[in-house]
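In: pasting the structure only:
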């Protein structure tokens with residue numbers, strides 16, 4: 001588990017987020033004095049997760065009542081009552097947890113978090129990132145994973161009822177059919193993780209935003225709304241690296257909101273979105289770009305290299321993608337406020353030789369030459385420029401040519417999101433497998449998952465700083481490789 005997280009650090013995060021005050025403002029004012037406040041309950045939740053324990057309220061009570069006496073007094077775990085000192089009871093923990101859940105939940109649950117719940121979770125997650133790293137990178141790797149509910153649906157009751165009415169059936173691998181993917185009953189957890197800029201300095205892979213929904217909601221659309229709201233909080237968006245599960249969504253729910261928020265997309269394409277997909281004023285729309293109508297068809301069918309491709313195969317693939325880039329229409333002007341942009345013929349841009357552009361025939365013969373130009377040149381060949389609106393390649397348009405070497409280098413950063421999913425499902429620390437939490441509903445689950453991200457961020461920071469210090473002491477020392485010990489006949493199996 002690494003270095004333990006101090007109580008002072010956990011309290012510092014809660015106070016910096018101001019979520020305790022915000023939650024208390026939403027709670028009803030009872031007649032009787034409530035001994036356990038939201039700040040102390042959040043502290044107990046973080047203590048439990050920092051110790052690698054599951055998200056059980058009984059463990060929160062045990063963690064708070066096992067603190068030193070002065071800390072119990074300061075946090076209100078022990079108070080002076082008429083009959084003497086009174087220590088917090090489990091029933092009081094359960095009562096405060098129930099009040100917070102009711103205050104942050106929707107009046108009519110629909111499988112998505114309420115705005116107050118999302119706001120509280122955003123503040124708490126953001127507060128776990130030190131000021132030194134808040135502007136270290138604007139790039140985020142995103143992914144979602146399944147989170148099983150402890151409860152199961154009642155067979156004879158209708159959907160949306162039973163012990164956990166907000167949970168629903170889903171399947172873990174959403175790009176496969178339900179028959180091939182394994183089914184689960186619960187929710188989808190979506191997370192955005194900080195990654196280094198392209199060719200930038202390393203940064204700690206900190207979870208910056210999360211959201212939770214059930215399978216009746218689109219996890220990509222839910223996360224897009226959360227990310228698009230970040231610039232309003234003063235956080236600039238850069239590269240958003242995602243797999244085909246996000247890019248295959250309807251553009252209005254994923255790509256367009258993020259582009260409007262200033263993000264640059266770096267994503268894999270679904271097999272159904274690769275290759276030629278129609279034309280625009282004569283130009284071929286393929287893999288998010290506009291290409292000359294005389295582009296060799298083989299160059300428009302390129303797909304990413306398989307994992308473990310050899311150096312020779314990589315060199316050939318890079319040469320082919322570079323050749324395809326020559327046939328791509330050039331960008332004459334960047335996107336305007338409405339998302340319109342102007343493109344110019346690749347021959348006019350000096351990338352290829354074409355008889356329809358006489359000036360291009362004076363270029364050296366290292367450039368490809370169009371031997372059979374269209375008999376009836378379309379607008380992309382006859383005009384100086386053409387205009388493409390935001391609806392052209394809205395789903396597949398991205399920062400780098402797909403699947404070029406630049407795209408491959410940038411897309412590799414997405415593995416940070418997979419490492420986050422692996423960390424929160426590590427049985428050696430905190431595993432969010434079924435039984436990790438035994439509370440019903442989306443609200444307590446998302447609040448606990450946010451606390452888990454806060455704890456995980458502190459562990460990631462400690463590991464990152466340890467690596468940086470080690471590298472600063474001896475930057476020339478190569479990383480030691482662990483060698484598996486070979487068993488001999490004298491060794492036990």
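Out: Great, that's in hand. Keep in mind the model is a prediction, meaning the values are calculated, not measured. Numbering: from 1, shown residues only.

In: State the mean pLDDT of the helix or strand harbouring residue 241.
Out: Following DSSP states H and E, one finds residue 241 within strand 239-242. Strand 239-242 shows an average pLDDT of 98 in the prediction.

In: Ok, stretch 383-394 next?
Out: Computed over stretch 383-394, the mean pLDDT rounds to 92.

In: now the longest helix anywhere in the chain, how far from the centre of its chain.
Out: Counting residues, the longest helix found in the chain (DSSP state H) is helix 442-473. Computed by C-alpha atoms, centre = their mean, to the nearest Å, the chain-centroid distance of helix 442-473 equals 15 Å.

In: Pull out the buried positions in it.
Out: 442-461, 464 (16 or more other C-beta atoms under 10 Å). Where you see a C-beta, it was placed from the backbone N, CA and C, and this is true even at glycine.

In: what mean pLDDT does that helix have?
Out: Mean per-residue pLDDT for helix 442-473: 93.

In: ok, which stretches of the stretch 301-450 of the chain are helices?
Out: Using DSSP state H, counting those that start in this stretch, the helices of the stretch 301-450 of the chain run over 311-326, 379-382, 405-411, 415-424, 442-473.

In: mind giving me TSV with the ones you listed and columns for distance to residue 264?
Out: Formatted as TSV, these follow (distance: least, C-beta to C-beta, whole Å):
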stretch	distance to residue 264
helix 311-326	18
helix 379-382	25
helix 405-411	9
helix 415-424	17
helix 442-473	24
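
In: Of those, give the one that comes closest to residue 223.
Out: Checking these against residue 223 by C-beta to C-beta gives helix 415-424 as the closest, at 11.0 Å.

In: now that closest one and helix 442-473, what's the angle there?
Out: With axes from the mean of the first three to the mean of the last three C-alpha atoms, to 10 degrees as the basis, helix 415-424 and helix 442-473 are set at 110 degrees to each other.

In: counting contacts, what elements does helix 415-424 pack onto?
Out: Packing partners of helix 415-424 (3 or more C-beta pairs under 8 Å, 6 or more residues apart in numbering; DSSP states H and E): strand 139-148, strand 183-195, helix 442-473.

In: Which parts of the protein are strands?
Out: In the chain, the strands defined using DSSP state E lie at 78-81, 84-87, 139-148, 168-171, 183-195, 207-213, 239-242, 264-267, 276-280, 283-286, 289-291, 330-333, 341-344, 385-388.

In: just those: most buried one?
Out: Highest mean neighbour count among the strands of the chain (mean count of other C-beta atoms under 10 Å): strand 239-242, with a mean of 28.

In: Check the offset of that one from the chain's centre.
Out: Counting by C-alpha atoms, centre = their mean, strand 239-242 is centred 8 Å from the centre of its parent chain.

In: contact partners of that strand?
Out: 138-143, 192, 195, 197-198, 227, 258, 263-268, 399, 410-411, 413-414, 417 (C-beta atoms under 8 Å, 6 or more residues apart in numbering).

In: Am I right that residue 172 is in contact with residue 188?
Out: No: look at residue 172 against residue 188 with C-beta atoms under 8 Å: they stay out of range, at 9.7 Å.

In: Select, out of the helices of the stretch 301-450 of the chain, the one closest to residue 279.
Out: For those, the distance to residue 279 is smallest for helix 379-382, at 8.7 Å, taking C-beta to C-beta.

In: contacting residues around the spatially most central residue of the chain?
Out: By C-alpha atoms, centre = their mean, the chain has its centre lying nearest to residue 142, at 2.1 Å. Neighbouring residues of residue 142 by C-beta under 8 Å, 6+ apart: 190, 191, 192, 193, 223, 227, 240, 241, 242, 246, 414, 417.

In: run the last query once more with 6 Å
Out: Neighbour list for residue 142: 192, 242, 417 [criterion: C-beta atoms under 6 Å, 6 or more residues apart in numbering].

In: now do residue 468
Out: Counting by C-beta under 6 Å, 6+ apart, residue 468 makes contact with nothing.

In: before we move on, what about residue 76?
Out: 35, 40.

In: Tell me the pLDDT of it.
Out: On the pLDDT scale, residue 76 gets 95.

In: Could you tell me how far it is located from residue 14?
Out: 14 Å (C-beta to C-beta, to the nearest Å).

In: again with residue 78
Out: Using C-beta to C-beta, we find residue 78 at a distance of 20 Å from residue 14.

In: Give me the neighbour count for residue 412.
Out: Residues lying near residue 412 (other C-beta atoms under 10 Å) number 13.

In: residues in contact with residue 249?
Out: With C-beta under 6 Å, 6+ apart, residue 249 has these contacts: residue 220.

In: repeat that with 8 Å
Out: 218, 220, 221, 255, 395.

In: quick one: terminal-to-terminal distance for stretch 384-393?
Out: From its first residue to its last, stretch 384-393 covers 21 Å (C-alpha to C-alpha, to the nearest Å).

In: contact partners of it?
Out: 251, 256, 259, 277, 280-281, 283, 285, 288-290, 329, 332-333, 335, 338-344, 348, 379-380.

In: let's see it at 7 Å
Out: By C-beta atoms under 7 Å, 6 or more residues apart in numbering, the list of residues contacting stretch 384-393 from outside reads 256, 280-281, 283, 285, 288-290, 332, 338-344, 379-380.

In: I'd like the distance from the closest residue in space to residue 69 that isn't next to it in sequence to residue 68, if you could.
Out: Sequence neighbours aside, residue 78 is the residue nearest to residue 69 in space, at 7.2 Å (criterion: C-beta to C-beta, 6 or more residues apart in numbering). Between residue 78 and residue 68 the computed distance is 11 Å (C-beta to C-beta).

In: measure residue 195 to residue 125 for me?
Out: Note on residue 195: its distance to residue 125, by C-beta to C-beta, is 16 Å.

In: And for residue 68?
Out: According to C-beta to C-beta, residue 68 and residue 125 sit 29 Å apart.

In: related to what we said a few turns ago, what is the orientation angle of the longest helix of the chain with strand 207-213?
Out: 160 degrees.

In: what angle sits between helix 442-473 and strand 139-148?
Out: Orientation check (the same axes, to 10 degrees): helix 442-473 against strand 139-148 gives 130 degrees.

In: Just the angle for helix 442-473 relative to strand 183-195, thanks.
Out: Using the same axes, to 10 degrees: helix 442-473 against strand 183-195 is 40 degrees.

In: coming back round to it: which one of the helices and strands packed on helix 415-424 lies closest to residue 34?
Out: helix 442-473 (18.1 Å).

In: now the helices and strands packed on helix 415-424 in JSON lines, with distance to residue 86?
Out: Formatted as JSON lines, those follow (distance: least, C-beta to C-beta, whole Å):
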{"stretch": "strand 139-148", "distance to residue 86": "37"}
{"stretch": "strand 183-195", "distance to residue 86": "37"}
{"stretch": "helix 442-473", "distance to residue 86": "26"}
